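Colleague: Please find the sequence and the predicted model below.
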Protein chains: 4
Amino acid sequence: MNKLIQILTVTTVAFFVLIGAANAADYVYKQEFMPRETVEIDLAKTAMFVTDPQNDFLSEGSPAWGLVGPTVTKHKVVEKEKTLKTLAKKIGIPVFYSTHMYTPQDFANWKSLNGIDKIMFDLKMFAQGTWGHEIHPALLPDSNTIVMNPHKGLSNFWTGDAAIQLRQYGIETIILYGMSANMCIESHARDAIENGFDLIIVADATAAAGDAAYEAALTNFEFLAHEVVTADQIIKRLEEAKRLEEAKGMEKPKTMEKPKS
Amino acid sequence: MNKLIQILTVTTVAFFVLIGAANAADYVYKQEFMPRETVEIDLAKTAMFVTDPQNDFLSEGSPAWGLVGPTVTKHKVVEKEKTLKTLAKKIGIPVFYSTHMYTPQDFANWKSLNGIDKIMFDLKMFAQGTWGHEIHPALLPDSNTIVMNPHKGLSNFWTGDAAIQLRQYGIETIILYGMSANMCIESHARDAIENGFDLIIVADATAAAGDAAYEAALTNFEFLAHEVVTADQIIKRLEEAKRLEEAKGMEKPKTMEKPKS
Amino acid sequence: MNKLIQILTVTTVAFFVLIGAANAADYVYKQEFMPRETVEIDLAKTAMFVTDPQNDFLSEGSPAWGLVGPTVTKHKVVEKEKTLKTLAKKIGIPVFYSTHMYTPQDFANWKSLNGIDKIMFDLKMFAQGTWGHEIHPALLPDSNTIVMNPHKGLSNFWTGDAAIQLRQYGIETIILYGMSANMCIESHARDAIENGFDLIIVADATAAAGDAAYEAALTNFEFLAHEVVTADQIIKRLEEAKRLEEAKGMEKPKTMEKPKS
Amino acid sequence: MNKLIQILTVTTVAFFVLIGAANAADYVYKQEFMPRETVEIDLAKTAMFVTDPQNDFLSEGSPAWGLVGPTVTKHKVVEKEKTLKTLAKKIGIPVFYSTHMYTPQDFANWKSLNGIDKIMFDLKMFAQGTWGHEIHPALLPDSNTIVMNPHKGLSNFWTGDAAIQLRQYGIETIILYGMSANMCIESHARDAIENGFDLIIVADATAAAGDAAYEAALTNFEFLAHEVVTADQIIKRLEEAKRLEEAKGMEKPKTMEKPKS
């Protein structure tokens, strides 16, 4: 028995040494049958895409904090979103913010509310002009952030300008994370696929209303994404892509280009 | 000859007396082969839908005024938009505003610009936070106006929340007008049809960049709309619909309903 | 202890007697915090909506049978789809079929494949003109079935004509079921909501590639639907709605109406 | 006077010699204020996009021939479509067909018909399984043609799979032509723009129901397209692009690539 463990350990170590990229911080797939892909990252066509980086999901004191707060804190979502945003600026890829917003008229007049709508409307979440609707103070937009039209429902591809914005910046690959895992992240994931984007989801830079909701999202991410990663994993990949780009002498900060005329 | 004219005149007068609704102020179709329909108006399912009611299209002094100003003035677009808005409130149907908006980042970074985009971007039209982007002072939103997400490109159905907003209010028939005739009005018209709305276009409450553009829009409206009308014509129809509704004792201001819960 | 169980039993029985509708066959929500709604069914505005009723998901011998067969069989998906289809015809509401289809050119040339795409493409699922693409023999369309454009990806709302078809029949409420739970059902569910439809999902008339996938779908259905039901439950509700309609003397088979002209 | 004409002639000839590309066969813009662009063509990202290449629009004997036949014949639409299709295959760029289709159930049950719908439904145009719905015999699909899901209404971007198909082939620039000018061509043009494609419209490889409809389309094309061209003009440009590609030793027939795996 001890012998067997020893053999396995040696083999495993050798395996990880060989494949290089894979390590303890990599995302581990749960579906045995699901094929894995390592998306090749071309920084000139890649963007981060963040859903609902707002106080109502990310800050203690919001009416939804009781539901989402425990996993937001446990997964360190704010810290990871901040780290990724800083990295994006450093390596010159844009960050697209898809915020969530309802107006007093929406709250007063919308007639067809599903389960999650009823909760959001009951809590008056993402109300235009309120603190809850504001972007979390650690994640404020800068010159590298594109704040798109706010979305209603669950996806900016249906009620905002996500598709045209991404296309106008020449983006083909999206690195997706934010709140909440099985709702807005997953709806944006599904619509990104229907629009032909390559999709990388950061599985630990998100959280949800309870463990069941988060687990459901993880399961579905494996079906929907081209690749599921951890924050650590994508950070290494992006830094490596930047090094390669610089080695080729092709450094060109992309987002702030002038339009062709 | 005189006899013939006399007969025709008598017949025509009799005809107009018989059909009642049709008169000198009605829209006259240009395409002979096009079928006419008189859309039955159910006020509980009808809304006005206004595109780009903003200074950059409607106010003297805007950079686009040289292009659109002459027809805006000639057609009295602002006056008609104001009259229709006032009527909507009086008879209890909502008014949906689809505004046009670009950000400094859009101007600086968008790479795929078609003809009309190049003009708008060159003139920095509908720039977020500027006077040109503001709604015309005679047309400011009130409690009866739903200001939707702003659109990019030409249609809110692609880059905003038009479809979900209209559905959440139970709207099935749209009375469409605003600026400009062959661009945003026509794109919204086409998308409204693809989404299954009944479409009435007010042909003289709009204007365009030159006569050719306006004439092109009129031609296409006849193909695209369920009915093309003048402002005078739709005002009479809506007032008549209101009278019928009140006669049935069914007066119920629709927009300010409480949501079902 | 026995005493406690006795009290609980009596209380529970009394409870179910009191609420009437709820019984052993009703769907039991897993998320404690999720509000429940009983959607009021107006047969004239209600349709069944079935995804992927095809051999590749529902018939033994398909290449995907190893993945989905166990839950398809366990949940008796084919039997339930057949029962619901027969009921729909009897009570005069239409059944919309959203089939899945790829062409040989899709298989040969598509370049951006996510996890589930890779599996489907590897198995050449839903290939145009093959047995796997055909509708299951127990579920063949009849005069009451609208076979929409086939979808690619996961949702007919993005790659087919679902929205316009439903609107052209005046549908406002969808009763959704079919294959597979966390993929096409869930994507159609999300897009139905973004388009303003009221959504009832039949949680036991669907199946998935493994238990994790099915459980993920159930969790998300509770967030996304206006109401989650079992097949037994919705059958009773529809029969009751039909009885009420007939009692009001308003029987009118809806799908086979002539268009207004 | 003669002197002036002489000078002008000399100047004009010199001008055309200088600019090279422009000649008598080039499209002449009607809107003075509209900026011109010459879209740079990268064959690897370019496709032809053809709407409604079917008997009901293109063959004598169809019920719509009385309306569209005169301009179809005058513009030699079938001949030009055939020439462009042959060229596409020769230079290795794909041709996407967006066909129009209605079913007997659509004709019998659709309730919201606009002007053009009423004509199409009255004539039972594009009826599934009929000669009128079939692709014109001179334009039959070959291995280089992608026949997408058929569209209802006016645009495949709303009721078919146009967006995902184009993206899956890596297409960024569309060369658009077909039938009819102010209806399906123009709706596809508007939706292509909203989805971020670069758009070239072939203004003389299309026709319409009468001169007013065709003229309306031409006017709007100038606003909507990145570039409006004639068939002669785009043929030269594509042949030149092919020569340049071959000169760089980069010949690679694009459509028949194997998918990455």
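Modeller: All right, it came through fine. Numbering: from 1, shown residues only, chains lettered A, B, ... in the order given.
Colleague: C-alpha from now on. contacts and neighbour counts both.
Modeller: Will do.
Colleague: Let me see the mean pLDDT of stretch A:227-245.
Modeller: Averaging pLDDT along stretch A:227-245 gives 97.
Colleague: Ok, stretch A:27-41 next?
Modeller: Averaged across stretch A:27-41, the pLDDT comes to 94.
Colleague: before we move on, what about stretch A:182-197?
Modeller: Throughout stretch A:182-197, pLDDT has a mean value of 98.
Colleague: do that stretch and chain D meet?
Modeller: Yes: under the criterion of Cα under 8 Å from any Cα of the partner chain, stretch A:182-197 makes contact with chain D via A:194, A:195, A:196.
Colleague: Buried subset of these, written for ChimeraX?
Modeller: To isolate the buried members of the residues of stretch A:182-197 next to chain D in ChimeraX, using 16 or more other Cα atoms under 10 Å in any protein chain shown:
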select /A:194,195,196
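Colleague: just checking, which of the residues of stretch A:182-197 next to chain D belong to helices?
Modeller: If you go by DSSP state H, the residues of stretch A:182-197 next to chain D have residue A:194 in helices.
Colleague: Residue C:145: which of the residues of stretch A:182-197 next to chain D is nearest?
Modeller: Taking Cα to Cα as the measure, residue C:145 sits nearest to residue A:194 out of these, at 25.9 Å.
Colleague: got a list of what the closest one touches?
Modeller: Going by Cα atoms under 8 Å, 6 or more residues apart in numbering or on different chains, residue A:194 touches C:153, C:154, C:155, C:158, C:159, D:164.
Colleague: got it, and residue A:220?
Modeller: Counted by Cα under 8 Å, 6+ apart, residue A:220 has contacts A:186, C:182, C:183, C:213, C:216.
Colleague: Are we agreed that it is in a helix?
Modeller: Yes: judged by DSSP: H, G, I helix; E, B strand; the rest coil, residue A:220 forms part of a helix.
Colleague: Roughly how far does residue A:149 sit from chain B?
Modeller: 7 Å (Cα to the nearest Cα, to the nearest Å).
Colleague: Touching, residue A:95 and residue A:143? I think so.
Modeller: No: using Cα atoms under 8 Å, residue A:95 makes no contact with residue A:143, being 9.7 Å away.
Colleague: Between the two, which is the more surrounded one?
Modeller: Neighbours were counted for residue A:95 and for residue A:143 using other Cα atoms under 10 Å in any protein chain shown; residue A:95 has more, 26 against 11.
Colleague: Torsion angles phi and psi at that one?
Modeller: Backbone dihedrals for residue A:95, given as degrees, to the nearest 10, come out at phi -120, psi 120.
Colleague: and it, bridged to which residues?
Modeller: residue A:48, residue A:145 (DSSP bridges).
Colleague: where's it relative to residue A:171, distance?
Modeller: 11 Å (Cα to Cα, to the nearest Å).
Colleague: which residues are in contact with both of these two?
Modeller: Taking Cα under 8 Å, 6+ apart as the criterion, residue A:95 and residue A:171 both touch residue A:47.
Colleague: what's the helix or strand for residue A:215?
Modeller: Element membership for residue A:215, per DSSP states H and E: helix A:211-224.
Colleague: Just checking: what are the partner strands of whichever helix or strand comes after that helix?
Modeller: For helix A:211-224, the succeeding helix or strand toward the C-terminus, using DSSP H and E, is strand A:227-229. Using DSSP bridges, the strands paired with strand A:227-229 in its sheet are strand A:198-207 (parallel).
Colleague: Tell me the bridge partners for the residue most central in space within chain A.
Modeller: Nearest residue to the geometric centre of chain A (Cα atoms, centre = their mean): residue A:177, 1.1 Å. Beta-bridge pairing of residue A:177 under DSSP bridges involves residue A:50.
Colleague: Tell me who's in contact with it.
Modeller: Contact analysis of residue A:177 by Cα under 8 Å, 6+ apart lists A:49, A:50, A:51, A:81, A:185, A:201, A:202, A:203, A:205, A:206.
Colleague: Just the buried ones from these, in ChimeraX syntax?
Modeller: The buried subset of the contacts of residue A:177, as determined by 16+ other Cα under 10 Å, is captured in ChimeraX by this line:
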select /A:49,50,51,81,185,201,202,203,205,206
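Colleague: Mind picking the one among the contacts of residue A:177 that's closest to residue D:72?
Modeller: Nearest to residue D:72 out of these is residue A:49 (Cα to Cα; 46.9 Å).
Colleague: What sits closest to residue A:169 if chain neighbours are left out?
Modeller: Leaving aside its sequence neighbours, residue A:169 sits nearest to residue B:110 (Cα to Cα, 6 or more residues apart in numbering or on different chains; 6.2 Å).
Colleague: quick one: the one you found from residue C:201, how far?
Modeller: As judged by Cα to Cα, residue B:110 and residue C:201 stand 41 Å apart.
Colleague: Number of residues surrounding the residue nearest to residue A:169?
Modeller: Residue B:110: 23 surrounding residues under other Cα under 10 Å.
Colleague: Turn the contacts of residue A:194 into CSV, columns for neighbour count.
Modeller: Shown next, in CSV, are those (neighbours: other Cα atoms under 10 Å in any protein chain shown):
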residue, neighbour count
C:153, 25
C:154, 25
C:155, 28
C:158, 26
C:159, 27
D:164, 22
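Colleague: got the residues you listed as CSV, with pLDDT columns?
Modeller: Shown next, in CSV, are those (pLDDT from 0 to 100):
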residue, pLDDT
C:153, 95
C:154, 98
C:155, 98
C:158, 98
C:159, 98
D:164, 98
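Colleague: which ones among these come in contact with chain A?
Modeller: Under the cut-off given by Cα under 8 Å from any Cα, chain A has C:153, C:154, C:155, C:158, C:159, D:164 from the contacts of residue A:194 close to it.
Colleague: can you tell me which of those are in helices?
Modeller: Among those, the members found in helices (DSSP H) are C:158, C:159, D:164.
Colleague: Would you mind giving those residues as a markdown table with distance to chain B added?
Modeller: Compiled in a markdown table, those are given as follows (distance: Cα to the nearest Cα, whole Å):
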| residue | distance to chain B |
| --- | --- |
| C:158 | 12 |
| C:159 | 14 |
| D:164 | 16 |
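Colleague: residues in the stretch 51-200 of chain A within reach of chain C, list them.
Modeller: Counting by Cα under 8 Å from any Cα, the residues of the stretch 51-200 of chain A near chain C are A:112-116, A:118-119, A:153-155, A:158-159, A:182-183, A:187, A:190, A:193-194, A:196-199.
Colleague: No further queries at this time; thank you.
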